[in-house]
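K.L.:
all I have is the shape, not the residue letters:
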C-alpha cells in the first residue's frame, strides 16, 4: 500500500501499489514519449494556412486551469512514459498561467520543455519563461517583409516577432524558426530566411503546407515541395544532409555557417517516426493528426486510482496512429497544437 494524493485538488488516500508501465508502444513499434499540449485555442494571429479568420480562434469553455493541466501531465509522465513536453496553441503565451505550467512541469523532472509561438509576446515574457524552466522555442516566421508578414498572418507586427527572437537568444533559450512556405506568397524568401538564421546562429526549418483545417481537400493547394526548397538553397549554399534524431519530423542539412531543416509533410511524410501524443486545452488526447479521434482524460481529474484507466485511454488514443502516410484532416491545428 502507498499514500497518494488523488485528483487535481490533492486529497490524500491509501492505495495499493500497482506495477508501473514506463513507456507506451504503439502498434507500429514506436515509443510514444512526446507530449504536445494546446494550452489554449485562442490566437492573436490568423495565418491564412491555419484558419479562415481571426474569429475562428475561440477559447474553449472547458479550458483547463494550470493545476488541472499539470495534474494530467503528471499522470502522463508517471504512467504513460512521457519524457518531453512542448506547449503550443493557438498562441500559448495568451494562456494566463503559462509560467506556472512551465515551472510545474520542470518540477516534475521533465527536462525537455519547449514552446511554439508566433513570437508577438515573447519580447516581454522570454526572461520569465526561461527562469521557469523553458529550454527551447520554435518561432513561426513566414516572411521578413512587414507587408507580406501581415498579409500571411492577417494581424500582427513583424518587428514584434523579431524582437521576440532576440529576447529569447538573450536569455539563453534555444531558438528555431519555422517558415511555412506557400506558393506565390513567400517562396522568394527561402534563401533570405536562411541568411537571417545563419547570421544569428538560429536553425531555420521550412515546412511544407499541411492539408489541415481550411486546406483539407482544397483544390488550390499552394505547395512548394522540399525538392524546390533544396533547389533554391543549393543555388547559393553548399548543402550537405546530416543526421537527425531518430524520431525527428525534420530532415536536417548543413550549410556553411549553420544548419536548416525541412519538414516534408507531403513529399516525405514523417508519420513513420512520429512519437507524439497531443493533449487539447479541454483535456482530450489526440493520437494522430490524420485520424483525430479525441479520447477524453478530463474525468481522471477526480479519479481515485487513475493509473490503469489512463493507460487504457492512452492505448486507445495511440491506436489511431497511422504508419507512414499523412492524409490530413479538417481539424484546425489550434485545436490540437501546432
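P.N.:
Structure received. Computed from a predicted model, the values in this text were never measured in an experiment.

K.L.:
so how far is residue 108 from the nearest residue in space to residue 33 that is not next to it in sequence?
P.N.:
With sequence-adjacent residues excluded and distances taken as C-beta to C-beta, 6 or more residues apart in numbering, residue 33 is closest to residue 83, at 4.5 Å. For glycine as for every other residue, the C-beta is placed from the backbone atoms N, C-alpha and C. Distance, residue 83 to residue 108, using C-beta to C-beta, to the nearest Å: 11 Å.

K.L.:
what do you get for residue 262?
P.N.:
Counting by C-beta to C-beta, the gap from residue 262 to residue 108 is 33 Å.

K.L.:
have a look at these two and say which one is more surrounded.
P.N.:
Neighbours were counted for residue 262 and for residue 108 using other C-beta atoms under 10 Å; residue 262 has more, 24 against 16.

K.L.:
can you give me the strands in the stretch 151-300 of the chain?
P.N.:
Along the stretch 151-300 of the chain, the segments classed as strands by DSSP state E, counting those that start in this stretch run 174-180, 203-207, 240-242, 251-255, 258-263, 276-279, 284-286, 295-296.

K.L.:
just put those strands in JSON lines and tack on distance to residue 311 and mean pLDDT.
P.N.:
Shown next, in JSON lines, are the strands of the stretch 151-300 of the chain (distance: least, C-beta to C-beta, whole Å; pLDDT from 0 to 100):
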{"stretch": "strand 174-180", "distance to residue 311": "32", "mean pLDDT": "98"}
{"stretch": "strand 203-207", "distance to residue 311": "33", "mean pLDDT": "97"}
{"stretch": "strand 240-242", "distance to residue 311": "37", "mean pLDDT": "97"}
{"stretch": "strand 251-255", "distance to residue 311": "33", "mean pLDDT": "97"}
{"stretch": "strand 258-263", "distance to residue 311": "30", "mean pLDDT": "96"}
{"stretch": "strand 276-279", "distance to residue 311": "12", "mean pLDDT": "94"}
{"stretch": "strand 284-286", "distance to residue 311": "12", "mean pLDDT": "95"}
{"stretch": "strand 295-296", "distance to residue 311": "12", "mean pLDDT": "96"}
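
K.L.:
low-scoring pLDDT stretches of this protein, where are they?
P.N.:
The model of the chain has pLDDT under 70 over residues 1-8, 10-23, 54-57, 212-219, 269-270, 324-338.

K.L.:
between residue 83 and residue 108, which contacts overlap?
P.N.:
Common contact partners of residue 83 and residue 108 (C-beta atoms under 8 Å, 6 or more residues apart in numbering): residue 77.
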